[in-house]
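Engineer: Whatever this is, show me its structure:
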Amino acid sequence: MPPRAAPAPLLIACALGIERLALRGKHRGGVGGPVTVLRTGMGPAAAGRSVTRALAGPALRDAAVLATGFCAGLAPGMHPGDLVVAGETRDPRGSVPCVGTDLLVRELARVAPGRTVHTGPLTGSGHVVRGHERSELLATGAIAVDMESAATLLSAVRAGARPVAAVRVVVDAPEHELVRIGTVRGGISAFRVLRSVLPAYLEWHRSLLLPRR
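Structural biologist: You can find the predicted model right below:
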């Protein structure tokens, strides 16, 4: 019998050192293959460059890609520590549909019990969004915004067909604006939630290789 192909790897992309710190640990993908956590740097340009470069290498050429980290919630009633599972990511260059969102919602509810999980479009921005910009973005149908997810997934699918997803933790929301991550209660809460969700990402990755009936 010919040797079985190696399972496709998983690339988890985040922008900040504090996000990478929350995701540290033994990243074992099991039957889903190896897992790489990539710190891309802040902003859409840095994210796009880093992901494109990573996927050009032979080790990650066929990798599934999941963008994660913190985000700003746009809808009233969102709180720091809430989770956002993107149905799609979007920015002025276009939109990218996400794969396996229902499974991610179920797994996040399991690994982060008591946390609200929101689903909907996740929009990209080139800067930190404040004040009236929230309501303008909310009017487009987006439920949350960050600077890297849209660029990450767009770069990923441009590098080749692959499963992609985006999960973000709300660190600041309309009634809970933050000045600096990690110095107030909301930032600490979001860090703790991000630290708990890696098993959900690994289950999403594993499910991609299961036979479909």
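
Engineer: Report all helices and strands that the helix or strand V157 falls within contacts.
Structural biologist: Here V157 sits within helix 149-158, counting by DSSP states H and E. Other helices and strands packing on helix 149-158, by 3 or more C-beta pairs under 8 Å, 6 or more residues apart in numbering; DSSP states H and E, are helix 44-56, strand 64-73, strand 83-91, strand 94-97, strand 117-124, strand 164-172. Where you see a C-beta, it was placed from the backbone N, CA and C, and this is true even at glycine.

Engineer: So which of the ones you listed is nearest R134?
Structural biologist: Among the helices and strands packed on helix 149-158, strand 64-73 comes nearest to R134, with 7.3 Å by C-beta to C-beta.

Engineer: Next, the angle from the closest one to strand 117-124.
Structural biologist: Counting by axes from the mean of the first three to the mean of the last three C-alpha atoms, to 10 degrees, strand 64-73 lies at 90 degrees to strand 117-124.

Engineer: returning to what we had before: can you put the helices and strands packed on helix 149-158 in JSON lines and add mean pLDDT and distance to R106?
Structural biologist: As requested, the helices and strands packed on helix 149-158 are exported to JSON lines (pLDDT from 0 to 100; distance: least, C-beta to C-beta, whole Å):
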{"stretch": "helix 44-56", "mean pLDDT": "97", "distance to R106": "27"}
{"stretch": "strand 64-73", "mean pLDDT": "95", "distance to R106": "16"}
{"stretch": "strand 83-91", "mean pLDDT": "97", "distance to R106": "10"}
{"stretch": "strand 94-97", "mean pLDDT": "96", "distance to R106": "19"}
{"stretch": "strand 117-124", "mean pLDDT": "96", "distance to R106": "9"}
{"stretch": "strand 164-172", "mean pLDDT": "94", "distance to R106": "13"}
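
Engineer: Could I get the average pLDDT for the helix holding V157?
Structural biologist: In this model, helix 149-158 has an average pLDDT of 98.

Engineer: Could you give the separation of it from the chain centroid?
Structural biologist: Its chain's average C-alpha position is 11 Å from that of helix 149-158, according to C-alpha atoms, centre = their mean, to the nearest Å.

Engineer: How about stretch 56-73?
Structural biologist: Here stretch 56-73 is found 8 Å from its chain centre; the criterion is C-alpha atoms, centre = their mean.
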